[in-house]
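>>> Could you look at this predicted model? Sequence included:
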Amino acid sequence: MPGIVIIGVQWGDEGKGKVTDLLAERADVVVRFQGGNNAGHTIVRGGETWKLHLMPSGILHPGKLCVIGNGVVIDPKVLTDELDELRRRQVDTSGLRISANAHLIMPYHKLLDDAGEIKLGKLQIGTTRRGIGPCYADKAARLGIRVQDLLDEKILKKKIVAALEPKRLSLREYAKDPQLDLQTMTEEYLTYGHRIEPYVADTSRIVLEALDRDELIVFEGAQGTLLDIDHGTYPFVTSSNPVAGAACIGAGVGPKDIDEVWGITKAYGTRVGAGPFPTELDGPLADELRDRGGEYGTTTGRARRVGWLDLVALRYAVRLNSLTALVVTKLDVLSGQRVLKVCTRYRGEDEAEFDHFPWHQTVLHHVVGEYRELPGWNEDLRDCRSEDDLPEAARSYLQFIADFVRVPVALIGVGPGRDEVIWTRAGAGMHGSAAAVTA
Ligand code: IMP
């Protein structure tokens, strides 16, 4: 059985949670490998809505092994709140495993995230202000606090003191903030440690043992390729690597343990926060798509920027992630448009043409999209369960995307519910019985 990586190939919010949730049904282990509670997954099942930020999507499947890998940054308050909420709703959380090496978001990381954004003023990145960037910065500076440190009071205190020392100047204005009191912080974090201790484990070994048993492992990415700190629209990116390669590092497996990489894209584009977005729309059409698609952040509630599907960026994501299949979500949102546009090339300020994603940020900031117009459709797609149920124009739209980036579409989202999907022939192969899933 393969290791399959599920990643976003736009700017996040592509609907990875639902896809992982579907695959989790057959998976033996679901692993999150990067990001933190800057992510937000909405899963609709049995008429109930679940909004998860840190938990792997597989947690809704009783007893499924769900791993928070070493590459994730954990806000233990969010984690314990999610555990409480799941238990309150009678979800079995016994399958959760948390890497002892994962880094912790501390109160000062959130304050620094806030302060950094305020300082940047008009240039701000539009972070989720969850402390993600400062936490990864401390990890790289070797000043991070890890899950395992919660289990040793002396070490925890020592490490907090060491981490705070170089931040004194930046934290000066928060000097009296009770959250920063060493004793209070240590006690609070020790309490979290007691709560999560039963779940702490050597998760890399757990994943490897599952692979050895020939089990199916789903590596669940957060955010999206264009928010990657190395390959995204830097500095308007997150502080981790949401690309497929990061699954190895963030879960503790080797490249040969990955067999499939599925890239999730919406049928159009969205972005939250600042940064270039060459196919961005504004005006009534943007408002219409935003409302139809419910494009408001799960984590921050911010209205998302909306645009046409960008195939130049998608082709770039295919290259970076060696995608084996595409999942196109929210196709139903496009119903009712007479004409649909997809961006097939960028044009720069000096009329230069770009078939490939430009490496120079200044260029990218000034390009505009050139579009291919495709016929739209009026039919409501939410009841479609096979490719044949789709209107001809919707099938052509998907075919155009697949041909352009040379990756087959495995799965299509036609509504928010977990059963509102179409498994294509390409997807059914990977998934075994498509019928079993759509039933
Ligand atoms: P950070 O990850 O909070 O540091 O935010 C950095 C950038 O990534 C900002 O533009 C955020 O809006 C964006 N971002 C972070 N997480 C997500 C996500 O899960 N979906 C979409 N955008 C995200």
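All right, it came through fine.
>>> Would you mind giving the domain segments of this protein?
3-90+202-438, 103-198 (automatic domain parsing).
>>> Need the winner for burial among the ones you listed.
domain 3-90+202-438 (a mean of 20; mean count of other Cβ atoms under 10 Å). For every residue, glycine as well, the C-beta is placed using N, CA and C.
>>> how much space is there between the nearest residue to P107 once chain neighbours are set aside and the ligand?
In this structure, P107 finds its nearest non-sequential neighbour in Q179, 4.0 Å apart by Cβ to Cβ, 6 or more residues apart in numbering. Q179 sits 19 Å away from the ligand, going by Cβ to the nearest ligand atom, to the nearest Å.
>>> Repeat that for P2.
25 Å.
>>> Likewise for V405?
21 Å.
>>> With mean pLDDT and distance to R97 added, can I get the domains of the chain in TSV?
Shown next, in TSV, are the domains of the chain (pLDDT from 0 to 100; distance: least, Cβ to Cβ, whole Å):
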stretch	mean pLDDT	distance to R97
domain 3-90+202-438	93	5
domain 103-198	96	10
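>>> mind checking how far L150 is from the ligand?
L150 is 23 Å from the ligand, by Cβ to the nearest ligand atom.
>>> again with R146
On the measure of Cβ to the nearest ligand atom, R146 and the ligand end up 20 Å apart.
>>> Identify the residues contacting that residue.
A100, N101, A102, H103, L104 (Cβ atoms under 8 Å, 6 or more residues apart in numbering).
>>> now swap in G224 and tell me
Contacts of G224 by Cβ under 8 Å, 6+ apart are I7, G8, V9, Q10, W11, G12, D13, E14, P242.
>>> same thing but at 10 Å, please
G224 makes contacts with 7-14, 16, 232, 237-238, 242-243, 263-265, 270-271, 313, 317, as judged by Cβ atoms under 10 Å, 6 or more residues apart in numbering.
>>> If we check the ligand, which of these are in contact?
W11, G12, D13, T238 (Cβ under 6 Å from any ligand atom).
>>> can I get the residues you listed in a markdown table with distance to R130?
Output for the ones next to the ligand among the contacts of G224, formatted as a markdown table (distance: Cβ to Cβ, whole Å):
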| residue | distance to R130 |
| --- | --- |
| W11 | 17 |
| G12 | 13 |
| D13 | 15 |
| T238 | 10 |
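>>> Looking at those residues, which two lie furthest apart in space?
The two members of the ones next to the ligand among the contacts of G224 with the most space between them (Cβ to Cβ) are D13 and T238, at 12.3 Å.
>>> Spit out the residues that contact these two alike.
Joint contacts of D13 and T238 (Cβ under 10 Å, 6+ apart) are A39, Q223, G224.
>>> roughly how far apart are the first one and R26?
A39 sits at a distance of 23 Å from R26 (criterion: Cβ to Cβ, to the nearest Å).
>>> before we move on, what SS does the residue in the chain that the ligand sits nearest to have?
Nearest residue of the chain to the ligand (Cβ to the nearest ligand atom) works out as G273 at 2.2 Å. Recorded secondary structure, G273: coil (DSSP: H, G, I helix; E, B strand; the rest coil).
>>> my guess is D419 is in a helix, correct?
No: counting by three-state DSSP, D419 is not part of a helix but coil.
>>> was I right about it contacting E25?
No: in this structure, D419 is not within contact of E25 by Cβ atoms under 10 Å, at 11.5 Å.
>>> Which parts of the stretch 1-150 of the chain are strands?
Under the criterion DSSP state E, counting those that start in this stretch, strands of the stretch 1-150 of the chain are mapped to 3-8, 29-32, 41-45, 48-52, 65-68, 73-74, 96-99, 103-104.
>>> ok, the residue nearest to I264 when sequence neighbours are not counted - contacts?
The shortest distance from I264 to any residue other than its chain neighbours is 4.0 Å, reached at E14 (Cβ to Cβ, 6+ apart). The contact partners of E14, by Cβ under 10 Å, 6+ apart, come to 6-8, 221, 223-225, 263-266, 269-270, 327-330, 413.
>>> Same check on I160?
Counting by Cβ under 10 Å, 6+ apart, I160 has contacts M106, P107, Y108, L143, I145, D149, L180, L182, M185, T186, Y189.
>>> now do T128
Applying Cβ under 10 Å, 6+ apart, the residues near T128 are 36-40, 53, 113, 223, 238, 272-273, 297, 299-300, 302.
>>> Distance-wise, check it relative to G224.
Counting by Cβ to Cβ, the gap from T128 to G224 is 14 Å.
>>> what about the helices in the stretch 201-350 of the chain?
203-212, 246-251, 284-293, 311-321 (DSSP state H, counting those that start in this stretch).
>>> make that the stretch 1-150 of the chain, sorry
Using DSSP H, counting those that start in this stretch, helices in the stretch 1-150 of the chain cover 16-24, 76-88, 107-120, 132-140.
>>> Now distance to A402 too, for those, in JSON lines please.
Below are those laid out as JSON lines (distance: least, Cβ to Cβ, whole Å):
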{"stretch": "helix 16-24", "distance to A402": "17"}
{"stretch": "helix 76-88", "distance to A402": "36"}
{"stretch": "helix 107-120", "distance to A402": "39"}
{"stretch": "helix 132-140", "distance to A402": "33"}
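>>> Of all those helices, which one is nearest L364?
helix 107-120 (19.4 Å).
>>> So for this structure, the centremost residue is which one?
Nearest residue to the geometric centre of the chain (Cα atoms, centre = their mean): A222, 2.1 Å.
>>> list the contacts for it?
7-8, 12, 16-17, 32-41, 53-54, 71-72, 238, 240, 242, 250.
>>> Kindly recompute the last result at 6 Å.
Contact analysis of A222 by Cβ atoms under 6 Å, 6 or more residues apart in numbering lists G35, A39.
>>> thinking again about what came up before, the helices of the stretch 1-150 of the chain: which one's closest to A393?
Between A393 and these, the shortest gap by Cβ to Cβ is with helix 16-24, which sits at 24.0 Å.
>>> what sits up against the closest one?
Taking Cβ under 6 Å, 6+ apart as the rule, helix 16-24 contacts I6, G8, V30, H41, I43, S57, G58, H61, V218, E220, I264, V327.
>>> and the two most separated of those residues?
G8 and H61, at 21.5 Å, using Cβ to Cβ across these.
>>> Enumerate the residues of the stretch 251-400 of the chain near the ligand.
V272, G273.
>>> where along the stretch 251-400 of the chain do the strands fall?
Using DSSP E, counting those that start in this stretch, strands in the stretch 251-400 of the chain cover 260-266, 269-271, 305-307, 309-310, 325-329, 339-347, 353-354, 368-375.
>>> Quote the end-to-end distance of stretch 357-374.
End-to-end distance for stretch 357-374: 22 Å, by Cα to Cα, to the nearest Å.
>>> I meant to write stretch 233-253 there.
Stretch 233-253 end-to-end distance (Cα to Cα) = 27 Å.
>>> For the nearest residue to D259 once chain neighbours are set aside, report the pLDDT, please.
Distance criterion Cβ to Cβ, 6+ apart; nearest residue to D259, sequence neighbours excluded, is P2 at 3.3 Å. At P2, the model reports a pLDDT of 86.
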